[in-house]
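Colleague: the amino acid sequence is not available; the structure is as follows:
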């Protein structure tokens with residue numbers, strides 16, 4: 001599939017979503033919704049993109065639409081989890097990032113906008129990369145996010161040898177994807193990107209263990225597990 005979702009749990013505004021009233025949307029079901037309803041592909045194009053049969057796409061898409069309709073009409077929450085999916089390679093999009101000077105060099109990526117930490121990982125258009133050795137920066141460069149967002153960015157960072165991400169807020173799905181890729185996350189950073197990296201190298205930044213999606217819309221409940229979702 002193309003993305004790992006950043007938003008993994010939703011519930012109606014002002015209404016809790018206990019586990020028995022939450023529908024499950026699998027990752028492959030979400031991907032059909034993304035490709036057909038958001039990207040405008042037909043079912044044959046979606047099947048080719050996903051590497052599966054058109055009949056399979058049709059069945060998965062029908063399940064996804066039914067689950068979403070059930071949630072909207074009957075006031076249920078939605079939890080996104082499970083399913084059969086493989087993250088598609090992302091390095092083929094956009095300009096290549098610079099290689100590390102040495103394989104064991106630490107590479108730090110910081111969400112970037114006009115010299116400052118961009119506040120939301122999933123919406124950043126640029127990163128500033130820092131290669132460091134012995135606690136000192138030996139090279140730095142601003143690079144594009146290649147038009148990607150949310151979970152696809154985790155693949156982009158991993159494929160380009162990033163060991164550490166410094167950012168503002170990020171959602172639970174993105175955090176899980178980054179951690180699965182072996183990338184250490186330091187969220188909640190603000191101000192100058194250079195100062196943030198200096199603080200990291202000095203050991204004064206705190207590693208992120210939970211999502212911190214402060215600017216998501218009000219209907220988003222932060223991640224599975226809220227309001228008893230339990231997924």
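Modeller: That came in fine, so what should we check first? No experiment lies behind these values; they were computed from the predicted model shown.

Colleague: what is the mean pLDDT for the longest helix along the chain?
Modeller: Counting residues, the longest helix found in the chain (DSSP state H) is helix 54-74. Mean per-residue pLDDT for helix 54-74: 90.

Colleague: what helices and strands are in contact with that helix?
Modeller: Counting contacts by 3 or more CB pairs under 8 Å, 6 or more residues apart in numbering; DSSP states H and E, helix 54-74 is packed against strand 22-25, helix 27-33, helix 43-50, strand 77-80. Every residue, glycine included, has its C-beta placed from N, CA and C.

Colleague: what about the helices in the chain?
Modeller: 27-33, 43-50, 54-74, 151-159, 172-180, 193-201.

Colleague: which one of those lies nearest to residue 128?
Modeller: helix 193-201 (5.0 Å; CB to CB).

Colleague: buried sites along the closest one?
Modeller: Neighbour counts over helix 193-201 (16 or more other CB atoms under 10 Å) mark 193, 196, 197, 199, 200, 201 as buried.

Colleague: indicate which one of the helices of the chain is closest to residue 118.
Modeller: Nearest to residue 118 among these is helix 193-201; the distance by CB to CB comes to 8.8 Å.

Colleague: that closest one: how far from the chain's middle?
Modeller: On the basis of CA atoms, centre = their mean, to the nearest Å, helix 193-201 sits 23 Å off its chain's mean C-alpha point.

Colleague: tell me what that helix is packed against?
Modeller: Against helix 193-201 (3+ CB pairs under 8 Å, 6+ apart) you get strand 106-113, strand 116-117, strand 126-133, strand 136-144, strand 164-166.

Colleague: among the ones you listed, which comes closest to residue 54?
Modeller: Set against residue 54 and scored by CB to CB, the helices and strands packed on helix 193-201 come closest in strand 136-144, at 34.2 Å.

Colleague: burial count for residue 108?
Modeller: Using other CB atoms under 10 Å, residue 108 has 24 other residues around it.

Colleague: and if you look at residue 183?
Modeller: Close neighbours of residue 183, defined as other CB under 10 Å, add up to 18.

Colleague: so how far is residue 73 from it?
Modeller: 39 Å (CB to CB, to the nearest Å).

Colleague: picking up where we left off before, dump the helices of the chain to a markdown table, plus distance to residue 136.
Modeller: What follows is the helices of the chain, written out as a markdown table (distance: least, CB to CB, whole Å):
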| stretch | distance to residue 136 |
| --- | --- |
| helix 27-33 | 41 |
| helix 43-50 | 44 |
| helix 54-74 | 49 |
| helix 151-159 | 22 |
| helix 172-180 | 25 |
| helix 193-201 | 7 |
